[in-house]
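Undergrad: Sharing a sequence plus its predicted fold:
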Amino acid sequence: MARIAFVLCALALAFSLGVSRPVLAHAVLLGSTPKANEMLQTSPKELILNFNEGVGPIFFKVLDKTGKEVGAPGEIKIDGNNLILPLSAELANGTYVLTYRVISADTHPVGATFGFSVGEPMADLSQMSQSTEPASTPWTWAVAANRWVLYAGMLLAAGSALFTLLVTTPATVTAATFTLGKNAAIISAIAYVLAVGFGGAEMVLGGAAALFSGDTWARGLQSTLTPSAVIGIPAMLVLIYGYTASVEKPKNGALTVGAVAAVGSFLVTGHAATAPPVWLMATLVAVHLFCTAFWFGALYPLYKTTQAADAAAAGAVMNKFSVWAVYSVALIIASGLVISWVQVQSPANILSTVYGNGLFRKVVLVAVILALAGYNKLVLTPALEKGDATGLARIRRTIRVEFALYVLILGAAMTLTLTIPPRALGDQAAAGAAMQMDGFKTTVQADGYSVDVEVTPAKAGENMIMATVKGKDGQVLTLADLEINANLAAAGIADVMVKGQNVGNGMWHAVFKEMIIPGDWTLRVDAFVTDFDKVSFELTVSIK
Amino acid sequence: MKKLFLATVAAGVCGLIATSASAHNVLTSMEGYAGYVTDFEMRVTHGCKGSPVKEVKIRIPAELSRVSVGANRDWKVETKMRKLDKPIPGEGGNMITEVIEEITWKDPKSPIPAGGVFEGFKFRGALPKEDGKIIFFRTINICEQGDDKYVDMPKEELKLNDPDFKKKLWTFMTATATPSPFLITVKAPKPQYPWEPMEPAKAEAPTQQKAAAK
């Protein structure tokens, strides 16, 4: 038995390392070119969206004020965390809106719309919708319901296998468990397939008929739902094969492989398993799922045992289960705590965020179930072992309650998977704050190069400067170095030099503590295209 | 007449340098005979705002050919090569496929103190045949804290025969704190010894041919 447990752990670890991919959950837009509400001097050659993680594009387009798509957009290019939309036609002077919808690693579609203008100030776009979350469609509910079925089915299919492997029950009970496990596996296999279709339909914001369109399935197949199904469906088939064996000659190998692969299929998608550090989080999620599956899968056979066996025999089975249950409870709590800590980040977030609230509900339910389990182990099981037959009915009642609680916990867990964790919300808030700060913004040309400079808050005191240099072809350059010189001739302040910090994506950041006197400051931005090749840009910033 | 003019200019330049630019990285000799294989010394005269110098880099100007680096037992010398589009014949019949593009002196026994002393870095190469050319040797000092990049170039091309040359050169040298060190080629009084083995024009670096063709 210990050997099987060891094999399970080793396989789970192998899965978590091999299958999980280094991605964050829930895409958040960190920046864009052009920025929201930016006024450009000339028509852009391409539009860039910068996310906190790699995303899959669903659509990305430029509309004029009448809602017509313009700019003769080419194919969307993916460059790391950037989506690039090349435009082959010039945009005439006017106001435009950029609208996009992408899918993040956790298969959640995210979209937004914002305006920018070319050659003239922005027209009023207040009528334009600015939603950052997609409107929910009937498919959102279909996806959620299917996900619930998949969760319950997978845990039951894998859990029945784990329970059978670890705890010996009377033959009739084992046979009944096999039947339940097989049915759960069949339902799960169907749910895996539907997840791809429903997910695709949600992504394309499709109507009722969307499920019958090839495009819908193509979208779903591009998401992480596909690797999940690619692992999950064979896992279910292996389990079904395992469950068809006779009780006397169980196919332990198939049950083991099937259960491990089933858990593995949940590691390639979702918030928790894809949060950094991936190796740790995926391992924790794997442990969490294994133990939960074992416990969830134990309820039905234990219930059956109380019906099929006498008090003493049932007590022996309960006792054997409770040995494993103690370990699994400890692991569920420990792994759950670490996962929650990473996702929630601060105790304050438990009450102040939707994710925290959902987690709180789940924890309360788990506490109730633990109390019941404790009652079972400490009071009812010893009574059963002594041959107290009245305990059988009582234990059946607690198992029924536990089952109901499990269904609720699964619901709470599923809600969590559909909610943005505070970890990712933090990114979003930071990005939002950076976008809303007021200040001075300009673009300066020199020798065919250009620099976008943003001075925040452009008031006397400490000022932050962000600079992005573009090459002769309009592409953002990766510079060797960047220095900014500030002068205020009127006050005799000269050559205050600050070296820029490369903050990624071609953006450089510098902080001037010396801009304490209001006036027209001259900035010289020295961009080092290579160590030896320097381009200097000069601009004047009015510090108020 | 032209020679006299150049000599005057060169003298003026040296005067300027002696008074103003001695606080930067400079070439020890700021004039060289056109077409001569010449020894250069880049002088580092101070650190970066009071911080000792621990690394020096030079970008070899494209006008220079047949570049080699002097031995230095106090610094680790590294060179970065540039592949030639077309191999050129070297001395002894072998073909040269790449030339030195950058030289770096790093990991010194001890860094150059931030002030009060200077240190020279030796290398050599053939100057272009055209006299009156201004050649810029962009250099970078990396210090224990920060760096100084003497890589600034004149905003417009400087020409020796421009009546305002001196004024413009002065402007270039004082407009920023980090002008590139430079050298002016002057007409050689005679071909460089040994006269006979000097390679015919076609056997020389493409950059020199280009310079001669101007």
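TA: Right, received. Where do you want to start?

Undergrad: What's the nearest residue in chain A when you look at chain B?
TA: Ranking the residues of chain A by distance to chain B (Cβ to the nearest Cβ) places A:F532 first, at 4.2 Å. Using the backbone N, CA and C atoms, a C-beta is placed for each residue, glycine as well.

Undergrad: can you count the residues close to that residue?
TA: 21 (other Cβ atoms under 10 Å in any protein chain shown).

Undergrad: May I ask you to name the longest strand in chain B?
TA: Ranked by residue count, the top strand of chain B under DSSP state E comes out as strand B:76-89.

Undergrad: Go through the helix or strand just after that one and flag the buried ones.
TA: Downstream of strand B:76-89, the first helix or strand assigned by DSSP states H and E is strand B:95-106. Using 16 or more other Cβ atoms under 10 Å in any protein chain shown as the test for burial, strand B:95-106 gives B:V99, B:I100, B:E101, B:E102, B:I103, B:T104, B:W105.

Undergrad: Now do the same contact list for the residue of chain A closest to chain B.
TA: By Cβ atoms under 8 Å, 6 or more residues apart in numbering or on different chains, A:F532 lies in contact with B:K57, B:R59, B:E102, B:R138, B:I140, B:K149, B:V151.

Undergrad: quick one, what contacts the residue lying closest to the third one once chain neighbours are set aside?
TA: Think B:E102. Spatially, and ignoring its direct neighbours in sequence, B:E102 is nearest to B:K80 (4.0 Å; Cβ to Cβ, 6 or more residues apart in numbering or on different chains). The contact partners of B:K80, taken as Cβ under 8 Å, 6+ apart, are B:I100, B:E101, B:E102, B:I103, B:T104.

Undergrad: Give the full set of residues in contact with the most centrally placed residue in chain B.
TA: In chain B, the centroid-proximal residue (Cα atoms, centre = their mean) is B:F137; its distance is 4.1 Å. Shown in contact with B:F137 (Cβ under 8 Å, 6+ apart): B:L27, B:F40, B:M42, B:I58, B:R59, B:I60, B:P61, B:S180, B:P181, B:F182, B:L183.

Undergrad: Where does the second one sit, in terms of helix or strand?
TA: Okay, so that is B:F40. Here B:F40 is assigned to strand B:37-44, by DSSP H and E.

Undergrad: what is the orientation angle of that strand with strand B:95-106?
TA: Strand B:37-44 and strand B:95-106 are oriented at 20 degrees to each other (axes from the mean of the first three to the mean of the last three Cα atoms, to 10 degrees).

Undergrad: Which pLDDT value belongs to the residue of chain B most remote from its centre?
TA: Distance from the C-alpha centroid of chain B, by Cα atoms, centre = their mean, peaks at B:G93 (27.4 Å). Looking at B:G93, its pLDDT stands at 73.

Undergrad: Mind exporting the C-alpha coordinates of the helix or strand harbouring A:T522 to PDB?
TA: According to DSSP H and E, A:T522 maps onto strand A:519-528. Output of strand A:519-528 as PDB, limited to C-alpha atoms (Å, rounded to 0.1, in the frame of the first residue of the first chain):
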ATOM      1  CA  GLY A 519       9.600  76.600 -14.700                       C
ATOM      2  CA  ASP A 520      10.400  75.500 -18.200                       C
ATOM      3  CA  TRP A 521      12.900  72.700 -17.800                       C
ATOM      4  CA  THR A 522      14.900  71.500 -20.800                       C
ATOM      5  CA  LEU A 523      15.300  67.800 -20.900                       C
ATOM      6  CA  ARG A 524      17.900  66.100 -23.100                       C
ATOM      7  CA  VAL A 525      17.200  62.400 -23.500                       C
ATOM      8  CA  ASP A 526      20.300  60.600 -24.600                       C
ATOM      9  CA  ALA A 527      19.400  57.200 -26.100                       C
ATOM     10  CA  PHE A 528      22.200  54.800 -26.600                       C
END
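
Undergrad: What strands line up against that strand, and which way round?
TA: strand A:481-488 (antiparallel), strand A:534-543 (antiparallel) (DSSP bridges).

Undergrad: mean confidence for it?
TA: 90.

Undergrad: what does stretch A:261-273 give?
TA: Averaged over stretch A:261-273, pLDDT sits at 77.

Undergrad: Same check on stretch A:412-423?
TA: Here stretch A:412-423 scores 67 as its mean pLDDT.

Undergrad: swap in stretch B:54-66?
TA: pLDDT averaged over stretch B:54-66 gives 94.

Undergrad: can you give me the end-to-end distance of it?
TA: One end of stretch B:54-66 sits 27 Å from the other (Cα to Cα, to the nearest Å).

Undergrad: Also stretch A:474-488?
TA: Using Cα to Cα, one end of stretch A:474-488 lies 31 Å from the other.

Undergrad: and that stretch, which residues are buried?
TA: Result for stretch A:474-488 [16+ other Cβ under 10 Å]: buried residues A:V476, A:L477, A:L479, A:D481, A:L482, A:E483, A:I484, A:N485, A:A486, A:N487, A:L488.

Undergrad: Could you identify the most distant pair in those?
TA: Largest separation among the buried residues of stretch A:474-488 by Cβ to Cβ: A:V476 and A:L488, giving 29.7 Å.

Undergrad: Now do the same contact list for A:W295.
TA: Neighbours of A:W295 in contact, by Cβ under 8 Å, 6+ apart: A:G159, A:A325, A:S328, A:V329, A:I332.

Undergrad: What's the mean pLDDT across the host helix or strand of it?
TA: In the assignment (DSSP H and E), A:W295 maps to helix A:278-308. On average, the pLDDT along helix A:278-308 is 87.

Undergrad: quick one: the spatially closest residue to A:A312 that is not a sequence neighbour and A:A311, what's the gap?
TA: Distance criterion Cβ to Cβ, 6+ apart; nearest residue to A:A312, sequence neighbours excluded, is A:G387 at 5.0 Å. Separation of A:G387 from A:A311 (Cβ to Cβ, to the nearest Å) stands at 5 Å.

Undergrad: which one of the two has more residues nearby?
TA: The residue with more neighbours, out of A:G387 and A:A311, is A:A311; 19 against 12, by other Cβ under 10 Å.

Undergrad: Quick check: that one touching A:G391?
TA: Yes - the pair A:A311 / A:G391 is scored as a contact, 6.3 Å apart, by Cβ atoms under 8 Å.

Undergrad: which residues are in contact with both of those two?
TA: Counting by Cβ under 8 Å, 6+ apart, the shared contacts of A:A311 and A:G391 are A:L384.

Undergrad: Contact residues of chain B facing chain A?
TA: Residues of chain B lying near chain A by Cβ under 8 Å from any Cβ of the partner chain: B:K57, B:R59, B:E102, B:R138, B:I140, B:G146, B:K149, B:V151, B:D152, B:A177.

Undergrad: Filter those down to the buried ones.
TA: In these, burial by neighbour count holds for B:K57, B:R59, B:E102, B:R138, B:I140, B:K149, B:V151, B:D152, counting by 16+ other Cβ under 10 Å.

Undergrad: Out of those residues, which is nearest to A:D495?
TA: So of these, ranked by how close each gets to A:D495 (Cβ to Cβ), first place is B:D152, at 13.5 Å.
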